[in-house]
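pasting the structure only:
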């Protein structure tokens, strides 16, 4: 069963626009929410992450917004660039056992048009 | 800086054949993971290891076995490949408990006919 649901599946944005990817989780026992970026033919790489005790985290053009009560978090990419074209995965880490098992969302393929 | 290296990068198998995917990391990371990536399914954890000599099951362990005899290597085995195991496999490692930062390999694309 998928505990982290990600939308949309694909997204096309014009250069300079804002890209927004949403994730919702079901299990409240998650304590860490990273986003990974994957370029074609490469493995995913950590982009930005947030813990549930903060509502927003910003790193450059990338911002995570976190809504604990709604069990939702989202990635905003400001001033989107063609180089941002990639697949983005949200993830959540379970508390139990602290084994570090991440549950990933389904992924969103972003295309930024010049 | 090799990071995480996966071999082979591509492999085609026939149903029932066996094979082993090798993951090697040169960062002295304690934790290692095997994921599979399928369209519309994201990344799903197959098996993981929290240290040399340890292994544990993830979300989708059936049909796979793993071994971590050396700290730097994590092997994923398919004893009798099935078409449902056609996928892209990613190995990842971390030096922190809780998978705070996973370093992924470039992936191994496996096709089972």
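Okay, I see it. All values reported here derive from a predicted model rather than from experimental measurement.

contacts and neighbour counts: CA atoms only from here.
Will do.

which is the next helix or strand following the worst-scoring helix or strand of chain A on mean pLDDT?
Ranked by mean pLDDT, DSSP states H and E, the helix or strand of chain A with the weakest confidence is strand A:102-104, at a mean of 89. As assigned by DSSP states H and E, the chain's next helix or strand after strand A:102-104 is strand A:108-113.

returning to what we had before: determine if any part of the least confident helix or strand of chain A is in contact with chain B.
Yes. Remark: strand A:102-104 sits within contact range of chain B at A:102, A:103, A:104, by C-alpha under 8 Å from any C-alpha of the partner chain.

now that strand: how far from the chain's centre is it?
11 Å (C-alpha atoms, centre = their mean, to the nearest Å).

which residues are contacting that strand?
For strand A:102-104, the surrounding residues in contact (C-alpha atoms under 8 Å, 6 or more residues apart in numbering or on different chains) are A:3-4, A:89-94, B:42-45, B:99.

do that again at 10 Å, thanks
Contact with strand A:102-104 is made by A:2-6, A:23, A:25, A:30, A:32-36, A:89-94, B:41-45, B:58-59, B:98-100, B:102, as judged by C-alpha atoms under 10 Å, 6 or more residues apart in numbering or on different chains.

same deal with stretch A:51-58?
Under C-alpha under 10 Å, 6+ apart, the answer for stretch A:51-58 is A:30-34, A:48-50, A:63-68, A:71, A:73-77, A:92.

before we move on, the earlier item: how about JSON lines for the residues of strand A:102-104 next to chain B, with distance to residue B:108 added?
Below are the residues of strand A:102-104 next to chain B laid out as JSON lines (distance: C-alpha to C-alpha, whole Å):
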{"residue": "A:102", "distance to residue B:108": "20"}
{"residue": "A:103", "distance to residue B:108": "20"}
{"residue": "A:104", "distance to residue B:108": "19"}
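
of all those, which comes closest to chain B?
residue A:104 (5.7 Å; C-alpha to the nearest C-alpha).

is it true that residue A:11 touches residue A:84?
No. Contact criterion C-alpha atoms under 10 Å: residue A:11 and residue A:84 do not qualify, at 11.7 Å.

Okay then, goodbye and thanks.
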